[in-house]
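Novice: Sequence and predicted structure, then a few things I'm wondering about:
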Amino acid sequence: MASLSGPKGLPFDLKDAEIWQVWEEVVGPVIASNARPSVIRNGVLTIGVRQPIWLQELKFMAEDIRGKLNERLGREAVRDIRFKLISVQGRGK
């Protein structure tokens, strides 16, 4: 039977799931309502961001966010952070 995660095991560390649990605590409610983790692979955390202005602002804060996440997790889980703009579905005008 073939493994879903490939021959080397899972493509991520299961402990990295804690990032989603501590996200709001680490970044605060304002940032958490405008940006959220989407995936982590090989230590690179991708954050989905709702608006271009937040994308720009968070790029300046990336190193601080990375440091706070790693400190909260007690290990260097995040080596780098990348941001991408996400579309928000279902919002009324």
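Specialist: Received, thanks.
Novice: rest of the way, CA atoms for contacts and neighbours
Specialist: OK.
Novice: Give me the contact list for the host helix or strand of residue 26.
Specialist: Element membership of residue 26 [criterion: DSSP states H and E] is helix 18-27. The contact list for helix 18-27, computed with CA atoms under 8 Å, 6 or more residues apart in numbering, reads 31, 32, 36, 37, 65, 68, 69, 72, 73.
Novice: Give the other helices and strands that the helix or strand just after that helix contacts.
Specialist: Scanning forward in sequence from helix 18-27 by DSSP H and E, the next helix or strand is helix 29-32. When contacts are defined as 3 or more CA pairs under 8 Å, 6 or more residues apart in numbering; DSSP states H and E, helix 29-32 sits against helix 18-27.
Novice: tell me which element the residue nearest the centre of the chain is part of?
Specialist: Nearest to the mean C-alpha position of the chain, counting by CA atoms, centre = their mean, stands residue 37 at 2.8 Å. Element membership for residue 37 (DSSP H and E) is strand 35-41.
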